[in-house]
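**Q** Have a look at this prediction, sequence included:
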Amino acid sequence: MSVLFCRDCGVDISGDPLFRQVSFALENGEKAALVGPNGAGKTTLIRACLGEVRLESGKVQILGSCGYLPQTPIIEDEGTVFQCMLQERADLLEIQNQLREIEKKMAYTSHEKIMEQYAALTERFERQGGYALEALIRKILAGLGLEGEANTLVQTLSGGQKTRLALCKLLLRSPELLILDEPTNHLDVAALEWLEGYLRDYPGALLIVSHDRYFLDRTVSKVFCLENGELKSYPGNYSEFELQRALENKTVSREAERLEKKIAKLEEYVRRNKAGVNSKQARGRESQLNKLKPIQVARSDHKLSISLGTAVRSGDRVLLLKDFAITFGQRTLFQDTQLDLRRGDRVALLGKNGVGKTSLLKGILRQIPYQGTIHLGANVKVAYYSQEHENLGNSGTVMDEIRAVSDFKDPEIRSLLARYGFRQDDVFKLVSVLSGGEKSRLALCKLFLEQGNLLLLDEPTNHLDIETRGVLEEALQDYDGTVLVVSHDRYFLDKVVQKIAELTPQGLTIFEGDYTYYREAKQQEESALAPIEKNAKSGYQEQQETRSLAREKKRLKQLEKEIEELEQTLERLESELSSAGTNYELAMNLHEEYEKVKKRRDSVLEEWIAAND
């Protein structure tokens, strides 16, 4: 059964069609990706499906509950993070309040209807996960790295933390259709892997827009590709989609080439024989020619060509850090850090959010205070790419930005910018109005001009579409200098790096190999530690069980003593009832008291029997 159905949909932007006749369906429980180049209309298509953008044509149906995470969610909740999460399940909180009200009534009456209402509400509360709600909230917060902010006021969170909170709220609500637009933004590697596992087990349907290829490979089983106003569907994950696309493009190109040759031959025959003895045959060929339509092959006129050359060759030792540490106020981010980079090394710097990866790069650049020793090797020229694009000006045009850092003439600048995707009037855009992807490409262009032989890259794939990420990967693979890169793009890391440096507050640990090898090594470490942790846990559990057993024994003694006292009271009341004689008022009071005590005795007796089972 389709939970999302889109048929022949079309949307215009500023009067021009963005896409037309887009059709697709998402089945219940199906997990799909929506991919395409920047500007293809992926987010617009999602918003059109949700009714936030007007459709020029077609129709959309969503059957069931739907949750949507935009790229920049708005969080206006008050209170703490945990309270904000609780309010997301206001329906369960309302049931909980109803149960408490009924419990108050039950203290004064045992009416059958009230008991039935209480039983029905309790069953409903349990079925919808009410008793496990707080545990689930803590699990989701921990998975997405917000467990430390559970008691923090929402209004004091950073933008990235608010985005993660919005995702937490959505996962807690667990709608039948989950639509996520770039959900991996602001997540470190540990949170990414947790989210992958959570989404793989998610019972509902899932539609994801993401440039994280590794993430898509591990979460989806179908890919929708929106490009040039058309949408096509491909089975499999992202890597399988890429292979299918490559084969499809190759087949289409061959068929287009064959058809072009056939059309050319027919045109030549018609031209030569239209007025000669073979004019009749020429007219037949012309009629055949009119029925043939050339196959349109998608050729990008905006092919990027990123290169990252070096001006001079560095010495064999490029960078040496000894006892390196960075402290802000009373807080030490990391300490005792040692790093020895050699020419040609391509190293990824990984670590949890907030551990100080960007600070380490800025410390190497001496932009912030540090402790320890930094030694740059012979002929080392450092070039830095900032994820915040700090090296871009806030005024002037794209052309002005390059003029300020080069001696190139304007025609040379335009030629250079074209390689980075800025063509025609794009070069006259103000830097202040550029999109995130455009700023990233301009920053990469300026990085090329620096001709550094040691690249310090801080999240270089942020804001880049998949095609541009691939071009950057190829450029770094061909680069003959040294690279130290901070990135959460695991697909990118597998393509580019040969070492992983894991940063913790205690320093750096080096792993030889790409990200996949690093992950396998970490899993082996965790497996080796598991028996030790299990033994420690077993000791703790044994201690807890001993304490629990002691509490149970103590409770049993209390119950036995209470039962004995209640039995004595019943015997006394029976005696007083037998001697009440014709004093009916006294007999009535004694009988009511007897029933109350008997009910209490039976209740305590049931608890004692259950405790002995």
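**A** Thanks, I have it.

**Q** For the rest of this, base every contact and every neighbour count on C-alpha atoms.
**A** Will do.

**Q** tell me the mean pLDDT for stretch 58-77?
**A** On average, the pLDDT along stretch 58-77 is 88.

**Q** Kindly report the same for stretch 495-502.
**A** Here stretch 495-502 scores 94 as its mean pLDDT.

**Q** Just the CA atoms of that stretch, as PDB, please.
**A** Listed next in PDB are the C-alpha coordinates belonging to stretch 495-502 (Å, rounded to 0.1, in the frame of the first residue of the first chain):
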ATOM      1  CA  LYS A 495      38.200   7.700  -1.300                       C
ATOM      2  CA  VAL A 496      40.800  10.100  -0.200                       C
ATOM      3  CA  VAL A 497      42.700   9.300   3.100                       C
ATOM      4  CA  GLN A 498      45.200   6.600   4.000                       C
ATOM      5  CA  LYS A 499      45.300   7.200   7.800                       C
ATOM      6  CA  ILE A 500      42.800   8.100  10.500                       C
ATOM      7  CA  ALA A 501      43.800  10.200  13.500                       C
ATOM      8  CA  GLU A 502      41.200   9.900  16.300                       C
END
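
**Q** Quick one: the helices in the stretch 501-613 of the chain, in order.
**A** In the stretch 501-613 of the chain, the segments counted as helices under DSSP state H, counting those that start in this stretch are 515-578, 584-612.

**Q** In CSV, list these along with distance to Lys362.
**A** Below are these laid out as CSV (distance: least, C-alpha to C-alpha, whole Å):
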stretch, distance to Lys362
helix 515-578, 24
helix 584-612, 63
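
**Q** show me what contacts Ser449?
**A** Not Ser; residue 449 is Leu. When contacts are counted by C-alpha atoms under 8 Å, 6 or more residues apart in numbering, Leu449 touches Val405, Ser406.

**Q** Now with 10 Å, please.
**A** By C-alpha atoms under 10 Å, 6 or more residues apart in numbering, the residues touching Leu449 are Ser307, Leu308, Gly309, Thr310, Ala311, Ala383, Ile402, Val405, Ser406, Leu416, Ala443.

**Q** Which members of the residues you listed occur in strands, if any?
**A** Here DSSP state E is the test, and the contacts of Leu449 give Ala383 as lying in strands.

**Q** Out of the contacts of Leu449, flag the one nearest to Met115.
**A** Ala443 (68.7 Å; C-alpha to C-alpha).

**Q** I figured the closest one was touching Leu392, is that so?
**A** Yes. Judged on C-alpha atoms under 10 Å, Ala443 makes contact with Leu392 at a distance of 7.0 Å.

**Q** Those two - which one has more neighbours?
**A** Ala443 (24 against 19; other C-alpha atoms under 10 Å).

**Q** Contacts for the one helix or strand Pro411 maps to next, please.
**A** Secondary-structure element containing Pro411, defined by DSSP states H and E: helix 410-419. Around helix 410-419, the neighbours that count as contacts under C-alpha under 10 Å, 6+ apart are 302-307, 398-400, 402-403, 406-408, 420, 422-424, 426-427, 441-442, 445-446, 449.

**Q** So which residue is dead centre in this protein?
**A** For the chain, the residue sitting closest to the mean C-alpha position, by C-alpha atoms, centre = their mean, is Thr184 at 2.9 Å.

**Q** Poorly predicted segments of the protein, please.
**A** By pLDDT under 70, the weakly predicted segments of the chain are 110, 277, 294-303, 530, 532-547, 580-582, 584, 609-613.

**Q** quick revisit: wait, what's in contact with the residue nearest to the centre of the chain?
**A** Taking C-alpha under 10 Å, 6+ apart as the criterion, Thr184 is in contact with 71, 163-164, 167, 191-192, 195-196, 209-212, 215, 488-489.

**Q** Show me how to select, in PyMOL, the buried members of the residues you listed.
**A** The following PyMOL selection, which keeps only the buried ones among those, applies the criterion 16 or more other C-alpha atoms under 10 Å:
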select buried, resi 163+164+167+191+192+195+196+209+210+211+212+215+488+489
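
**Q** so of the contacts of Thr184, which ones are in helices?
**A** Using DSSP state H, the members of the contacts of Thr184 that fall within helices are Thr163, Arg164, Leu167, Ala191, Leu192, Leu195, Glu196, Phe215.

**Q** Let's have these in CSV, adding distance to Asp12.
**A** Converted to CSV, the ones in helices among the contacts of Thr184 look like this (distance: C-alpha to C-alpha, whole Å):
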residue, distance to Asp12
Thr163, 29
Arg164, 32
Leu167, 30
Ala191, 37
Leu192, 35
Leu195, 34
Glu196, 34
Phe215, 31
